[in-house]
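Colleague: Generate coordinates for the sequence data below:
(2 chains)
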Amino acid sequence: MWNFAWRNLLTRPLRTVLALTGLSIPILGVLGLFSLSGGLRNLVGDTLSQIQGVMVLRENAPSPVFSSLDESLAKDLWNIPGISAVAPEVWGIAPPIEDSSFITKVAKGILSGSREQRFQSILDAIVVQGQDIDGHTGLKGAIYPRKILPASEGGGRFLNPSDKGKDHVVISTKIANDFPVTENGKERPRRVGDTINVGNNPFTVIGIYNTGSMFLDVVLVMDIEPARKVLNFKPGTVSSIYVEAKDPGQMEQMASAIEAKFPGIDARSMEEFASNFGRILGQLDTFLMMIMSLAVLVGVVGIINTMLMSTTERFAEFGVLRTNGWSKTNVLTLVTTESVYLGLLAGVLGCLLAIAGTTIGNQFVSGGLQLHITPKLLAMGLGLSVVMGTLGGLYPAWRAARLVPMDAIRLGGH
Amino acid sequence: MIEVTDVWKSYRSGDQSVDALRGITCRIAKGRCAFIVGPSGSGKSTLLYLMGALDRPTSGSIHIEGQDLTLMAEAEQDAYRRHKVGFIYQSFNLIGNLSAIDNVLISYIPRGLTAELKLKAADLLTEVGLGDRLNHRPHQMSGGEQQRVAIARALIKDPVLVLADEPTGELDSKTGDEIYRILRKLQVQHQSTLVVVTHDRRFITPDDLVLEIQDGHLLDQDAHQQRDELSRAAHH
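Modeller: Numbering: from 1, shown residues only, chains lettered A, B, ... in the order given. Take a look at the predicted model:
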């Protein structure tokens, strides 16, 4: 029976190939979207795992960029037991860098950049982080100082107390590449010692870092005072305060203690950030499930259409099978098996295309985002295709099986 | 013995009811060869298909070896077609993507093919002169060869009844003669009852029972029955 069903599919190769192509696209789309969602989840997880402390923000502010706190809160936070470091920060979307705003950069990247730049430029928004240098010096888990490139690669140094009040900036390798310097008619990445215009202010690059995460490698790190100037930040205010505990295992308790003591303040551990992001991705997954349902529906309709055409052409064949003792169940099984094979083949093709697509796609994204087709995703794709095949085959199979054998032979033109 | 008793078959055609068969009664003795003849649309094929349990009569009964087909459940009818009746069609009706031997074995595919069955199918194909074409597909064979495969398909189950609907209708006369020769030889060998629907009376021999149908009626039903009794007596 299985062999017979398989041969029936091969009898009409063009139709089978066209149907497979049409059916594999929804599988490809679903797997591609889920791999993107998984890639983002991994990237955020990896990024946040590099940061150990607690971020103190205005209540309900989605990120430091949208938060504003009184600077005096930093002193009060020292009263919370177990705190080892308090580091005020200002954050904001950078003004035009080298006279290139985010919007013009995106447009320029899309119109004239390489394929990688086109994709990447959409994801880039340069952010300024101004650090209270004294506060940050006491941090154990600060990421940027740890990610300064080695001296042999021209990494320079991170901010220290000698940079207070000065227009000095630490930039990422990515920013260095995205804003090159023209020298002797040739472009080269910005280096330590070069200047970079942030708004109307020329800053001297003193260090270059590389975290490998697209969420972190878009930050211009500078002292808090020049940052306030660049971002037009009100004196005496900060965006957020980064806090570390003496015992890294006590971060959650410390965050709870801060929130209890200071109403209107959120103290978010990186786990909480990860959890919030996970919630957003969960919503994305729900959206993807809706798309998947739509894809299944399209697939099922495609299979019904293909199998209906196939069964209508084969009425005489079903009549012959019935006259030779095949039961209705046998005919139903035959046609359903054919459609399950069709679905399964479409699933295999969709999975192969998704693997190829993500492999190629990974060549065009950087910043730590990696699209992976995991075994679980493959299993889901194949499962989905089998479900499509089964559901799509049932109606044509039932239609073929319920034919009266005599009518089937006569309808078949014999 | 096949006993057809007062069989009516009606169809709906639009708003009208059309009687394809109108009270057919006949008997065909076991091992006989019967020809159903008559003009197109007279109900010949309908009677043949009803004997094969491909449909149910509107009224009346059809007994094959004492079993009433009209009272059989669907599964019993499936089993009857699988084990007791072989069909041969005008258009051969082989499955295009199966080899000759797989076409012969088509009844057994759902339950699995055994080596014994495959050997039997190969022997039958050899008997009909296709021993060297076991693995050929229908499109690789001539019409006569395809019909021989169909004969092997009908006979592999050692049926009590072989039903043939215009088996030479799409063949030239020489090939038709050959098909009848094979069919009759194997019918005798397998001791099956053969019922043939045909327009072509040249294959009918004096020993054969002839059932002439017109407008759903069996013509001269009593006379046919008497002739059959006499013929049967002579046959034995």
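Colleague: ok, and the closest non-adjacent residue to the closest residue to chain B within chain A?
Modeller: Closest approach between chain A and chain B, counting by CB to the nearest CB: A:G325, at 2.3 Å. C-beta coordinates here come from the backbone N, C-alpha and C atoms, glycine included. Excluding its sequence neighbours, the residue lying closest to A:G325 (CB to CB, 6 or more residues apart in numbering or on different chains) is B:R82, at 2.3 Å.
Colleague: sec struct for that neighbour, please.
Modeller: Three-state call for B:R82 (DSSP: H, G, I helix; E, B strand; the rest coil): helix.
Colleague: longest helix in the chain, by residue count?
Modeller: Defaulting to chain A. helix A:270-313 (DSSP state H).
Colleague: was after chain B, sorry
Modeller: helix B:173-190.
Colleague: what bridges to the spatially most central residue of chain B?
Modeller: What sits nearest the mean C-alpha location of chain B, by CA atoms, centre = their mean, is B:L163, with 0.5 Å. Note on B:L163: beta-bridge partners by DSSP bridges are B:F87, B:V195.
Colleague: I figured it hits B:L50, correct?
Modeller: No. Taking contacts as CB atoms under 8 Å, B:L163 lies outside contact range of B:L50: 10.0 Å.
Colleague: Does B:E212 lie in a helix or a strand, and which?
Modeller: strand B:209-214 (DSSP states H and E).
Colleague: By mean pLDDT, which helix or strand of the chain comes out lowest?
Modeller: Let's take chain A. Sorting the helices and strands of chain A by mean pLDDT, DSSP states H and E puts helix A:115-123 at the bottom, at a mean of 48.
Colleague: Chain B too?
Modeller: helix B:221-235 (a mean of 59).
Colleague: Ends of stretch B:101-120, what's the gap?
Modeller: Its first and final residues considered, stretch B:101-120 spans 10 Å by CA to CA, to the nearest Å.
Colleague: I'd say A:G392 and A:V296 touch.
Modeller: No. Using CB under 8 Å, A:G392 makes no contact with A:V296, being 9.5 Å away.
Colleague: Compare the two (neighbour count), which wins?
Modeller: A:G392 (28 against 19; other CB atoms under 10 Å in any protein chain shown).
Colleague: pretty sure the more buried one is in a helix, no?
Modeller: Yes. The assignment for A:G392 by three-state DSSP puts it in a helix.
Colleague: which non-adjacent residue is nearest it?
Modeller: In space, A:G392 is closest to A:I303, 2.6 Å off (CB to CB, 6+ apart).
Colleague: What's the local residue count around the one you found?
Modeller: 29.
Colleague: just checking, it touches A:T390?
Modeller: No. Between A:I303 and A:T390 there is no contact under CB under 8 Å: 9.1 Å.
Colleague: Common neighbours of the two, please.
Modeller: The contact sets of A:I303 and A:T390 overlap at A:339, A:343 (CB atoms under 8 Å, 6 or more residues apart in numbering or on different chains).
Colleague: Can you list the residue ranges for strands in the chain?
Modeller: Just going to use chain A. A:54-58, A:69-70, A:83-93, A:127-131, A:168-172, A:181-183, A:186-188, A:195-198, A:201-209, A:219-223, A:237-238, A:240-245, A:265-269 (DSSP state E).
Colleague: nope, chain B please
Modeller: Under DSSP E, chain B gives strands at B:2-13, B:16-28, B:33-37, B:59-64, B:67-68, B:85-88, B:161-165, B:193-197, B:209-214, B:217-218.
Colleague: Check which helices and strands the last one is in contact with.
Modeller: Contact analysis of strand B:217-218 by 3 or more CB pairs under 8 Å, 6 or more residues apart in numbering or on different chains; DSSP states H and E lists strand B:16-28 as its packing neighbours.
Colleague: dump the residue contacts of the residue of chain B at minimum distance from chain A.
Modeller: Per CB to the nearest CB, B:R82 is where chain B lies closest to chain A, at 2.3 Å. Residues counted as contacts of B:R82 (CB under 8 Å, 6+ apart) are A:324-326, B:107, B:157.
Colleague: Just the buried ones among the residues you listed, please.
Modeller: Among the contacts of B:R82, those classed as buried by 16 or more other CB atoms under 10 Å in any protein chain shown are A:324-326, B:107, B:157.
Colleague: Report pLDDT for residue 57.
Modeller: In the absence of a named chain, this looks at chain A. Looking at A:L57, its pLDDT is 89.
Colleague: look at chain B instead
Modeller: Reported pLDDT for B:P57: 93.
Colleague: Roughly how far does it sit from A:I360?
Modeller: The spacing between B:P57 and A:I360, counted by CB to CB, to the nearest Å, is 66 Å.
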